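> structure for the following, please:
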Amino acid sequence: MISSILQGAKILATGSSVPDLCLNNEDLSQIVETSDDWIINRTGIKERRILGDRHKSIIDLASSASIEALEKASMNPADIDLIILATSSPNDLFGSASQLQAKIGATKAVAFDLTAACSGFVLGIVTATQFIQNGSYNNILVVGADVLSNWIDWSDRSTCILFGDAAGAAIIQSCPKEDNGILGFQLNTDGSKSFQLSIPYEKNNEKVMQKQSLNIFQGQFKNIIMNGKEVYKFAVSQVPVSILQCLKSLNILPEDIHWLLLHQANERILHAVANRLSINSNKIISNLNKYGNTSAASIPLALNEALNEKKIKHNDIIVISGFGAGLTWGTVVIKWKC
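Residues are numbered from 1 along each chain as shown. Below is the predicted model:
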């Protein structure tokens with residue numbers, strides 16, 4: 001793979017941001033019929049952060065995470081060539097990446113949104129890597145950010161206990177081919193099961209126009225709908241397959257990896273996937289208990305915390321896998337080069 005690329009690519013720096021408002025399980029028990037024990041036993045989540053300030057938006061979280069990454073890299077925002085904002089909860093349906101570009105002063109960057117829910121950051125990393133490895137760009141900011149609290153039915157305990165708001169960022173930079181840190185990837189989609197996890201748009205029953213000849217209807221997006229059992233079965237069956245296929249293509253054995261970083265959806269899923277790969281649980285990177293499921297933000301948020309805690313060392317091999325709505329799932333294997 002390395003011999004066929006023009007440039008290598010590596011993660012130069014990361015950053016993250018979470019809202020100040022903390023909603024713990026005891027707080028939730030005042031809203032719906034649940035308890036701290038019930039939630040922890042089924043999910044591993046103890047608390048989550050919620051963007052409760054009506055004057056704040058996803059752009060505030062995304063820009064804060066981006067600025068942290070830029071400061072760590074000692075990089076001027078004007079040096080960013082491209083911004084990829086992975087989100088399923090933009091504050092503008094036309095896209096929010098351009099707002100992020102303006103907020104951080106990345107005046108020379110092209111910017112676009114990427115919508116792939118909980119797999120968004122993995123697809124963002126893969127997309128950025130393609131632009132770098134074919135020589136198009138040198139510095140790319142990939143941000144995973146979601147504010148799913150805007151789309152939660154707080155009377156539905158099957159979903160309201162799971163999700164939190166956050167943003168995570170990574171700067172992907174070109175490097176010599178021999179220093180390439182993005183080793184390979186594996187991506188999949190099964191659209192026939194998209195209804196298992198969605199925020200559906202539903203049209204109203206009444207026509208908007210009074211003239212009968214104009215069949216014009218409008219509607220609105222609903223709250224998050226999820227079939228938890230089916231999503232669990234999908235994750236524990238398909239994610240290990242994706243990881244093994246990716247590792248096989250790179251001639252890497254599961255026992256050779258140093259860290260397993262999965263989308264932070266449910267503690268049971270994390271351990272079930274590790275068990276199927278015969279990977280020791282002490283190699284799992286997880287902060288699920290503090291933040292819940294933050295969708296596209298979950299992987300970069302956990303990665304940034306692990307780096308801040310100095311868990312990850314130079315040349316460590318990290319298997320990163322995202323999975324969720326679509327249904328989409330994907331794996332990217334990284335060798336840490338910083």
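
> list the residues that contact residue 330.
Taking Cβ atoms under 8 Å, 6 or more residues apart in numbering, we find residue 330 in contact with 119, 122-123, 126, 185-188, 242, 321-323. In short, each C-beta sits where N, CA and C put it, glycine included.

> quick one: it from residue 300, how far?
15 Å (Cβ to Cβ, to the nearest Å).

> mind checking the pLDDT average for stretch 60-80?
Average pLDDT, stretch 60-80: 98.

> equivalent analysis for stretch 121-132, please.
Mean pLDDT, stretch 121-132: 98.

> how about stretch 172-191?
Per-residue scores along stretch 172-191 average to 96.

> same check on stretch 110-118?
On average, stretch 110-118 scores 97.

> contacts for it, please.
For stretch 110-118, using Cβ under 8 Å, 6+ apart, the contacting residues are 81-88, 90, 95-98, 100-101, 120, 122-124, 127, 197, 263, 265, 293, 295-296, 298, 322-326, 328.

> where does residue 110 fall, phi/psi-wise?
When quoted as degrees, to the nearest 10, the phi and psi of residue 110 stand at phi -70, psi 150.

> what about it, distance to residue 7?
Distance from residue 110 to residue 7, by Cβ to Cβ: 18 Å.

> repeat for residue 218
Taking Cβ to Cβ, one finds residue 218 at 47 Å from residue 7.

> and those two? Which one has more around it.
residue 7 (20 against 10; other Cβ atoms under 10 Å).

> can you count the residues close to the residue nearest to the more buried one when sequence neighbours are not counted?
Using Cβ to Cβ, 6 or more residues apart in numbering and skipping the chain neighbours, the partner closest in space to residue 7 is residue 174 (4.4 Å). By other Cβ under 10 Å, the residues close to residue 174 number 24.

> check which helix or strand covers the closest residue to residue 153 other than its chain neighbours.
In this structure, residue 153 finds its nearest non-sequential neighbour in residue 223, 3.9 Å apart by Cβ to Cβ, 6+ apart. Assigned by DSSP states H and E, residue 223 belongs to neither a helix nor a strand.

> what's the answer for residue 127, then?
With DSSP H and E as criterion, residue 127 is part of helix 120-133.

> list the buried residues of that helix.
By neighbour count with 16 or more other Cβ atoms under 10 Å, helix 120-133 contains the buried residues 120-129, 131-133.

> specify which member of the residues you listed is nearest to residue 255.
Closest approach to residue 255 among the buried residues of helix 120-133 (Cβ to Cβ): residue 122, at 22.6 Å.

> what sits against that closest one?
116, 185, 187, 299, 320-322, 330-332.

> right, and residue 53 touches residue 61 too?
No: judged on Cβ atoms under 8 Å, residue 53 makes no contact with residue 61 at a distance of 10.8 Å.

> neighbour-wise, which of those two wins?
Remark: of residue 53 and residue 61, residue 61 carries more neighbours, 29 against 11, as counted by other Cβ under 10 Å.

> surely the more buried one touches residue 147?
Yes: contact criterion Cβ under 8 Å: residue 61 and residue 147 qualify, at 7.2 Å.

> quick check, pLDDT for residue 2.
The model reports residue 2 with a pLDDT of 46.

> just the one 4 residues further on next, same as before
Confidence per residue is given as pLDDT, and for residue 6 that number is 82.

> how many other residues sit next to it?
Using other Cβ under 10 Å: residue 6 sits among 11 other residues.

> now, the contacts of residue 122 that are in strands?
The strands, defined by DSSP state E, take in 185, 187, 320-322, 330-332 from the contacts of residue 122.

> and residue 304, how far from residue 297?
To residue 297, residue 304 is 10 Å away according to Cβ to Cβ.

> to clarify, my last question referred to residue 77.
Counting by Cβ to Cβ, the gap from residue 77 to residue 297 is 20 Å.

> more neighbours: which of those two?
Higher neighbour count among residue 77 and residue 297: residue 297, with 35 against 19, using other Cβ under 10 Å.

> is it true that the more buried one touches residue 170?
No: judged on Cβ under 8 Å, residue 297 makes no contact with residue 170 at a distance of 11.5 Å.

> I'd like the contacts of residue 330 as CSV, with distance to residue 138 appended.
Output for the contacts of residue 330, formatted as CSV (distance: Cβ to Cβ, whole Å):
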residue, distance to residue 138
119, 26
122, 22
123, 21
126, 17
185, 20
186, 26
187, 24
188, 30
242, 29
321, 27
322, 25
323, 30
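
> many thanks, have a good one.
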